[in-house]
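Trainee: need a structure here:
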Amino acid sequence: MNRLNSSAPSTAARPWRALLVLASVPMLISMRQPVPERIQTTGILEGIAFDSLTMKPLPGATVELLQPARSVVADKNGRFRMDSVPIGTRRLAFSSPELDSIGLFAFARDFEVATGRQSIRLTTPSMATFYDRLCPAQANPIRDSAIVFGTVYDARSGAALDSAHVSFAWYTVMTDGKGVRLGEASREAITDSAGAYVICGLPSDITVTTTATRSGASSGRITQIVGNARLLRREFRVSDDFNASGSAGRSGSNGVVRGLVVDEKGGALSNALVMLIASDRVTRTDNQGRFTFANAPLGTQELSVRQIGAGAVYQVVDVRADVAAEDLRITLPSTATLTRVNVRAERTAGSDRAGYLRRRKMGIGEFIDEKEIAMRPDVASVLQRITGLLVEKTMLGLKINVRRPGCGAPLIVIDGFPASGRGTTSTIPLDATAPVQMMSPAEARLNALNPRDIVAVEYHTGANMVPMEYGNASRPDCGMLLVWTVFARW
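Mentor: Predicted structure coming up:
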């Protein structure tokens, strides 16, 4: 009995063990139950940013998720990846420097994001889509035709202007009863109540000259090439500082243009030549590469920056009274002098050289190229090769006249700008020591040149034969002498 009692616990001794067993049962049961799977709430987006206008990827494109706000940058092939994107309908926006340069700052598209990986494609609208939306009357655009659109504003108040005229002009080869000739083509649009305009059917690969005007106010005259995208946004600001021809008509405005000129490595470029073309203003950068134009005319105009050995840049600037002037940062492309090599290749011509080659191919005028110019000791001997001109080399400098009876001097144009007076938009500044008393300012500018500064010369006789993009309001009856220097868009 005692053994039995010693081997079997009494009922009074069992409760704590019973409680222990009961307490452990739920724990054992819960450990044996399956753990529910974790619900995924995000996905991964992989894709490419693509420009349907040029049919090329967009390297360095910025892809943004609008909510929650996040962004990634595409690689050199336009490819991108965005992790942990919340599932559901999400909006992605994308932009790139290439699109910014033609005024298309961003596009957006909605996607339904699911779990796992998704392959997507971000594309700009095609040219056919733009034509359909912007040019309904021209459903079938001709090949290589371009569209320019934008808004015209008042440069003083910033208000959008209705009923403003925006004109585009360019030069093309025409065939009529008089044969093949170089003629002027043009298009014009009038802004709507919101100040917006659209012009379709423009050339995409040649220089187009543009101005905007309204009720005595105008922008400066600017030149541009639409380019391979065949689409360009161009805003204009007009003021009464410019006359109807796009030249500065008065002085003493309160506009300011300032900036910094650097090379491709970011180093400051001193003594670079900076010009406000339409207003006939010239300055040079200081030791820190900075420049300023005070009392500049208000409105859209063209700025030219150039330096020997560092190329040249043309940039459209908006000078406004309603917004403080911002510092421009202008990068000049570098040039390099290499040892002589024999190369067989096609090279891309700049806009000035492209026009020169086109006119020479047509056989309109007399032409002297760089190879022949390099063989001449001075500018007079270069110009004396032109049969239509009488070029005299006097003790005081050059005298240039047209050999045709009844004519005096031709209109002299240097790098696309008439060299008509001191401080003009000629790319070669007038030498202060030049003896101009017996020479015209244009002759003085030529006299200051060295043959190694000149890359080409062309002469066109008569008002009907001159390249009209380089003339002025009155046609030069005695012809035009065009001189292209190392500063030209060559």
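Trainee: Can you tell me the SS state at residue 377?
Mentor: Assigned with DSSP: H, G, I helix; E, B strand; the rest coil, residue 377 falls in the coil class.
Trainee: outside of stretch 163-170, which residues touch it?
Mentor: Stretch 163-170 has contacts (CB atoms under 8 Å, 6 or more residues apart in numbering) with 148, 150, 152, 184-191, 195, 197, 199, 202-203, 206-214, 236, 238, 469. Glycine gets a C-beta too; all of them are placed from N, C-alpha and C.
Trainee: Please apply the same query to stretch 113-124.
Mentor: With CB under 8 Å, 6+ apart as the criterion, stretch 113-124 contacts 40-53, 61, 63, 85-90, 92, 94, 99, 104, 107, 109, 111.
Trainee: Render the CA-only coordinates of it in PDB, please.
Mentor: Extracted in PDB, the C-alpha atoms of stretch 113-124 (Å, rounded to 0.1, in the frame of the first residue of the first chain):
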ATOM      1  CA  VAL A 113       0.700  47.800 -62.000                       C
ATOM      2  CA  ALA A 114       0.500  44.200 -61.000                       C
ATOM      3  CA  THR A 115       2.700  41.900 -58.800                       C
ATOM      4  CA  GLY A 116       5.900  40.600 -60.400                       C
ATOM      5  CA  ARG A 117       7.800  42.100 -63.300                       C
ATOM      6  CA  GLN A 118       6.200  44.100 -66.100                       C
ATOM      7  CA  SER A 119       7.700  45.200 -69.300                       C
ATOM      8  CA  ILE A 120       6.500  48.600 -70.400                       C
ATOM      9  CA  ARG A 121       7.300  51.100 -73.200                       C
ATOM     10  CA  LEU A 122       7.200  54.900 -72.700                       C
ATOM     11  CA  THR A 123       6.900  56.600 -76.100                       C
ATOM     12  CA  THR A 124       6.300  60.100 -77.400                       C
END
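Trainee: Let me see the mean pLDDT of it.
Mentor: Computed over stretch 113-124, the mean pLDDT rounds to 92.
Trainee: What are the buried residues along it?
Mentor: Residues 113, 118, 120, 122, 123, 124 are the ones in stretch 113-124 that count as buried (16 or more other CB atoms under 10 Å).
Trainee: Could you double-check that residue 193 lies in contact with residue 151?
Mentor: No: counting by CB atoms under 8 Å, residue 193 sits too far from residue 151 to count as a contact (11.6 Å).
Trainee: any idea how far stretch 366-383 is from the chain center?
Mentor: Centre-to-centre, stretch 366-383 and its host chain are 33 Å apart (CA atoms, centre = their mean, to the nearest Å).
Trainee: what does it contact?
Mentor: Here stretch 366-383 has contacts from 356, 359-360, 385-389, 391-393, 398, 400, 446-447, 449-452, 454-459, 481, using CB under 8 Å, 6+ apart.
Trainee: Buried only: go through those residues for me.
Mentor: Neighbour-count burial within the contacts of stretch 366-383 applies to 356, 359, 386, 388-389, 391, 398, 400, 446-447, 449, 451, 454-459, 481; the criterion is 16+ other CB under 10 Å.
Trainee: What is the burial count for residue 190?
Mentor: Neighbourhood size, residue 190 [other CB atoms under 10 Å]: 12.
Trainee: Residue 99 - that's part of a strand, no?
Mentor: No: Residue 99 is assigned helix when assessed by three-state DSSP, not a strand.
Trainee: In strands, which of the contacts of stretch 366-383 appear?
Mentor: With strands defined by DSSP state E, the entries of the contacts of stretch 366-383 inside them are 389, 391-393, 398, 400, 454-459, 481.
Trainee: which residue is nearest the middle of the chain?
Mentor: Geometric centre of the chain, nearest residue: residue 101, 5.4 Å, by CA atoms, centre = their mean.
Trainee: circling back to that earlier point, between residue 193 and residue 151, which has more neighbouring residues?
Mentor: residue 151 (20 against 8).
Trainee: Now do the strands in the stretch 201-350 of the chain.
Mentor: Secondary structure of the stretch 201-350 of the chain, counting by DSSP state E, counting those that start in this stretch: strands at 208-214, 217-218, 222-224, 231-233, 236-238, 255-262, 273-276, 281-284, 290-296, 299-306, 312-319, 327-331.
Trainee: Is it possible to get JSON lines of the ones you listed that adds mean neighbour count, mean pLDDT and distance to residue 490?
Mentor: Output for the strands of the stretch 201-350 of the chain, formatted as JSON lines (neighbours: other CB atoms under 10 Å; pLDDT from 0 to 100; distance: least, CB to CB, whole Å):
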{"stretch": "strand 208-214", "mean neighbour count": "23", "mean pLDDT": "92", "distance to residue 490": "19"}
{"stretch": "strand 217-218", "mean neighbour count": "26", "mean pLDDT": "92", "distance to residue 490": "30"}
{"stretch": "strand 222-224", "mean neighbour count": "19", "mean pLDDT": "87", "distance to residue 490": "15"}
{"stretch": "strand 231-233", "mean neighbour count": "19", "mean pLDDT": "92", "distance to residue 490": "23"}
{"stretch": "strand 236-238", "mean neighbour count": "27", "mean pLDDT": "95", "distance to residue 490": "28"}
{"stretch": "strand 255-262", "mean neighbour count": "20", "mean pLDDT": "93", "distance to residue 490": "20"}
{"stretch": "strand 273-276", "mean neighbour count": "23", "mean pLDDT": "88", "distance to residue 490": "16"}
{"stretch": "strand 281-284", "mean neighbour count": "17", "mean pLDDT": "87", "distance to residue 490": "20"}
{"stretch": "strand 290-296", "mean neighbour count": "17", "mean pLDDT": "92", "distance to residue 490": "23"}
{"stretch": "strand 299-306", "mean neighbour count": "25", "mean pLDDT": "90", "distance to residue 490": "11"}
{"stretch": "strand 312-319", "mean neighbour count": "19", "mean pLDDT": "89", "distance to residue 490": "9"}
{"stretch": "strand 327-331", "mean neighbour count": "15", "mean pLDDT": "92", "distance to residue 490": "19"}
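Trainee: Which among the ones you listed is found nearest to residue 133?
Mentor: For the strands of the stretch 201-350 of the chain, the distance to residue 133 is smallest for strand 231-233, at 11.4 Å, taking CB to CB.
Trainee: Name the strands paired with that closest one and say parallel or antiparallel.
Mentor: Strand pairing for strand 231-233, using DSSP bridges, gives strand 145-154 (parallel).
Trainee: tell me the angle of the partner strand relative to strand 299-306?
Mentor: Angle between the axes of strand 145-154 and strand 299-306 is 120 degrees (criterion: axes from the mean of the first three to the mean of the last three CA atoms, to 10 degrees).
Trainee: So in the protein, where's the weakest helix or strand by average pLDDT?
Mentor: One helix or strand of the chain scores below all others by mean pLDDT, DSSP states H and E: helix 15-32, with a mean of 42.
Trainee: Quick check: next helix or strand after that one?
Mentor: Downstream of helix 15-32, the next assigned helix or strand under DSSP states H and E is strand 42-51.
Trainee: tell me which residues of that following strand are tucked away?
Mentor: For strand 42-51, the neighbour count (16+ other CB under 10 Å) marks 43, 45, 47, 48, 49, 50, 51 as buried.
Trainee: other SSEs contacting that strand?
Mentor: Where contact means 3 or more CB pairs under 8 Å, 6 or more residues apart in numbering; DSSP states H and E, strand 42-51 is packed against strand 56-57, strand 79-86, strand 107-113, strand 116-123.
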